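> fold the stuff below for me.
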Amino acid sequence: MPLRIKLKPHEKIIIGGAVVKNGSGKTELTIENNVPLLREKDVLTAEHADTPCKRIYLVIQLMYLEQSELTRHHKTYWKLVRDIIEAAPSTTNLVHSISEKISVADYFGALKLAKKLIAYEQEVTDHVRRTSGL
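Numbers count the residues shown, from 1 in each chain. Presented below is the predicted three-dimensional model:
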C-alpha cells in the first residue's frame, strides 16, 4: 500500500538512507515500497543525544536506518538498557515494551515508544529539580 507524504517547504526527510530536502513549495510524495523513512522532526542527531534515554532513541534510529549494522547497534542498545534500568528501575516496563518491538524488528514502533521514554526521563528530571531546589 503506497504511503503519501506531504512535505512543507524546505522540510527534510530520510527515505531509505537518503536525505531528501524539499524545495521552496509544498510537495507530496508517494512511497511505493517499504523503506525506512523518518521525517526531520523525528531525527535525533548524535550531538543532541545528551541524555541516557535520548541515546537509546538514537541507537534505535540507527537500527531502523542502518540495518546493515544491526549487530553493532543491538549490542549498544542492550548496554544502554542495562544502564538505564539500573539507574532508574521505574523505566523497566517501558524499556521492556521497546525491547519487544526490537525483538520483532519493529524499529519504527520502538522509536515511538522511545519518545515516551524520553518524555518520562524529562518528567523525572524536572521533578528532581523542583524537589531539590536546583
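> now do the strands in this protein.
Taking DSSP state E, the strands of the chain run over residues 3-7, 12-15, 18-21, 27-31, 37-39.
> okay, those in CSV with mean pLDDT and mean neighbour count next?
Heads up, the C-betas are built off the backbone N, CA and C, glycines and all. As requested, the strands of the chain are arranged in CSV below (pLDDT from 0 to 100; neighbours: other Cβ atoms under 10 Å):
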stretch, mean pLDDT, mean neighbour count
strand 3-7, 93, 13
strand 12-15, 94, 17
strand 18-21, 93, 11
strand 27-31, 93, 12
strand 37-39, 94, 16
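> in a markdown table, list those strands along with distance to residue 67.
Converted to a markdown table, the strands of the chain look like this (distance: least, Cβ to Cβ, whole Å):
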| stretch | distance to residue 67 |
| --- | --- |
| strand 3-7 | 18 |
| strand 12-15 | 13 |
| strand 18-21 | 14 |
| strand 27-31 | 17 |
| strand 37-39 | 13 |
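> closest one to residue 84 among the ones you listed?
Closest to residue 84 of the strands of the chain is strand 37-39 (Cβ to Cβ; 22.6 Å).
> other SSEs contacting the closest one?
strand 3-7, strand 12-15, helix 52-65 (3 or more Cβ pairs under 8 Å, 6 or more residues apart in numbering; DSSP states H and E).
> please verify my assumption that residue 99 contacts residue 81.
Yes. Counting by Cβ atoms under 8 Å, residue 81 is a contact partner of residue 99 at 6.7 Å.
> higher neighbour count, those two?
Taking other Cβ atoms under 10 Å, residue 99 and residue 81 do not tie; residue 81 has more neighbours (20 against 14).
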